[in-house]
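1. Whatever this is, show me its structure:
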Amino acid sequence: MRAVRARLAAMTIPTEPIGSIPRPPELLRAVREHIAGRISFQRLDQAYDAAIRDTIERFEATGSPVITDGEQRKSSFATYPLEGLKSLAGNGVVIPFKDGHMRQLPRLTQGPFHYGKYAGEYVERAKPFAKRPLKQAVISASALSLIYPASGIEWYPRQRFIDDLVDEAAADITSALSAGAEVVQIDFTEGRLSLKLDPSGGLLKSFVELNNRVLDRFSPVERARIGVHVCPGGDHDSTHSADVDYAGLLPALFDTHAGRFYLQLSSEADRPRVLKQIAGLLGPGQLVFVGVTDPISKRIETPQDVCERVLEAAKFLPLNRLGTTDDCGFSPFADDDSTARDVAFAKIQARVEGTALAAALLGI
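-> I've put the predicted structure just below:
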């Protein structure tokens with residue numbers, strides 16, 4: 001154990017989580033009770049705080065150098081900015097998953113558009129419990145652009161909506177950085193899905209251009225602390241776009257004006273092919289965090305498994321540009337209890353320890 005701790009202390013390959021952790025049963029029960037009107041918001045708020053405290057304590061126990069609050073207070077990774085808004089209907093874009101279940105976005109009914117909640121609030125609420133740097137995930141502007149209806153909105157044209165959306169998405173990132181987040185991660189899981197909806201790549205290109213409008217609001221120093229995450233979705237142990245080839249996504253993705261890229265890779269069938277493509281696309285100053293654990297798989301990776309995946313990636317990517325992460329969040333939607341908290345933290349600890357083992361073998 002001492003040897004493992006020493007390697008963790010000396011670890012020079014950065015490792016970060018994606019964000020979400022399964023909510024404890026007590027929190028899920030409190031949410032249901034509040035919706036039913038049986039407990040007050042104060043009691044629900046106390047349940048959120050208890051879940052965040054427990055999440056952070058368990059995160060720090062894994063040795064993770066960067067932690068999150070597990071997104072315990074979010075309704076989902078995608079819809080938290082819409083909480084409390086009255087200008088929404090329920091019949092928006094539908095996202096089908098491989099196992100047959102679906103998620104549906106809200107539909108905007110009137111403008112002007114603004115966020116109901118900013119991510120900085122989550123950082124502020126988590127800071128009192130944390131002893132290590134906090135990372136905060138935010139939803140991409142491109143994902144939220146899907147709430148605008150194809151039929152349009154009277155007196156509120158799409159271009160005005162997009163301008164408002166860019167302002168709000170930039171304010172969301174600013175709120176997290178100003179609240180003290182060490183790193184901000186933009187969730188862009190619709191990137192891979194876009195190629196399923198539009199194989200020509202036109203939709204993907206428009207998504208990247210929209211997200212770049214947001215990122216261009218920040219200085220190069222700030223963008224070094226802002227990353228983008230892509231995966232084929234991960235909800236109730238199913239995906240929405242795992243059958244889409246990375247080859248169609250990566251060239252456009254690396255045109256994103258971000259300093260960090262968090263890429264699902266552990267569950268890829270042909271990792272060397274993808275790593276070779278990444279190596280050819282990597283721009284100056286960009287860091288790549290490769291996925292080394294698979295949240296959808298029930299099998300808990302060992303540190304040796306993770307170490308082997310890091311060594312594999314090191315054959316293709318410069319060591320000073322390489323980091324590790326999880327393929328996806330463990331529970332991006334609040335009602336997803338398909339993965340146990342114990343399993344999630346065991347996978348995270350394996351990632352942290354396996355990354356340290358690889359760093360030692362690589363002599364860094």
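2. ok, longest strand in the chain?
-> strand 287-293 (DSSP state E).
3. Next secondary structure element downstream of it?
-> Using DSSP states H and E, the helix or strand that follows strand 287-293 in sequence is helix 303-314.
4. Flag every buried residue along that following helix.
-> The neighbour-count check on helix 303-314 (16 or more other CB atoms under 10 Å) flags 303, 305-310, 312-314 as buried. Bear in mind the C-beta positions are built from the backbone N, C-alpha and C, glycine included.
5. so the longest strand of the chain versus helix 303-314, what angle?
-> 140 degrees (axes from the mean of the first three to the mean of the last three CA atoms, to 10 degrees).
6. next helix or strand past the helix or strand bottoming out on mean pLDDT in the chain?
-> In the chain, no helix or strand scores lower on mean pLDDT, DSSP states H and E than helix 2-10, which sits at a mean of 48. Counting by DSSP H and E, the element after helix 2-10 in chain order, helix or strand, is helix 25-35.
7. Return the distance of that next one from the chain's centre.
-> In terms of CA atoms, centre = their mean, to the nearest Å, the centre of helix 25-35 is found 24 Å from the chain centre.
8. Quick check: what element follows it along the chain?
-> Counting by DSSP H and E, what follows helix 25-35 is helix 41-61.
9. Which is the succeeding secondary structure element to that next one?
-> strand 88-89.
10. Show me the contact partners of the helix or strand following that next one.
-> Counting by DSSP H and E, the element after strand 88-89 in chain order, helix or strand, is strand 94-96. Strand 94-96 is contacted from outside by 102-105, 193, 233, 240, using CB atoms under 8 Å, 6 or more residues apart in numbering.
11. List only buried entries from these.
-> If we count by 16+ other CB under 10 Å, the contacts of strand 94-96 have these buried: 103, 105, 193, 233, 240.
12. Thought Gly234 was touching the first one, still the case?
-> No - the pair formed by Arg103 and Gly234 falls short of the contact definition of CB atoms under 8 Å, at 11.7 Å.
13. excluding its backbone neighbours, what's nearest Asp198?
-> Spatially, and ignoring its direct neighbours in sequence, Asp198 is nearest to Leu204 (7.2 Å; CB to CB, 6 or more residues apart in numbering).
14. ok now the helix or strand where that neighbour lies, how far from the chain's centre?
-> Using DSSP H and E, Leu204 sits within helix 202-215. Relative to the centre of its chain, helix 202-215 is centred 17 Å away, using CA atoms, centre = their mean.
15. Can you give me the buried ones in the next helix-or-strand element following that helix?
-> Moving toward the C-terminus from helix 202-215, the next helix or strand (DSSP H and E) is helix 220-223. Of the residues in helix 220-223, Arg223 count as buried by neighbour count, 16+ other CB under 10 Å.
16. Could you list the residues in contact with helix 220-223?
-> In contact with helix 220-223 (CB under 8 Å, 6+ apart) are residues 177, 215, 257-259.
17. same question, stretch 311-320
-> Contacts of stretch 311-320 (CB under 8 Å, 6+ apart): 13, 265, 271-272, 275-276, 278-279, 282, 288, 290, 322, 358, 361-362, 364.
18. So for that stretch, mean pLDDT?
-> When pLDDT is averaged over stretch 311-320, the result is 97.
19. could I get it in PDB with only the CA atoms?
-> Output of stretch 311-320 as PDB, limited to C-alpha atoms (Å, rounded to 0.1, in the frame of the first residue of the first chain):
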ATOM      1  CA  LEU A 311       1.100   2.200 -22.200                       C
ATOM      2  CA  GLU A 312      -0.800   1.500 -25.400                       C
ATOM      3  CA  ALA A 313      -1.700   5.100 -25.700                       C
ATOM      4  CA  ALA A 314       1.900   6.200 -25.000                       C
ATOM      5  CA  LYS A 315       3.000   4.400 -28.100                       C
ATOM      6  CA  PHE A 316       1.100   7.000 -30.200                       C
ATOM      7  CA  LEU A 317       0.800  10.100 -28.100                       C
ATOM      8  CA  PRO A 318       3.500  12.400 -26.600                       C
ATOM      9  CA  LEU A 319       3.700  11.800 -22.900                       C
ATOM     10  CA  ASN A 320       3.500  15.500 -22.100                       C
END
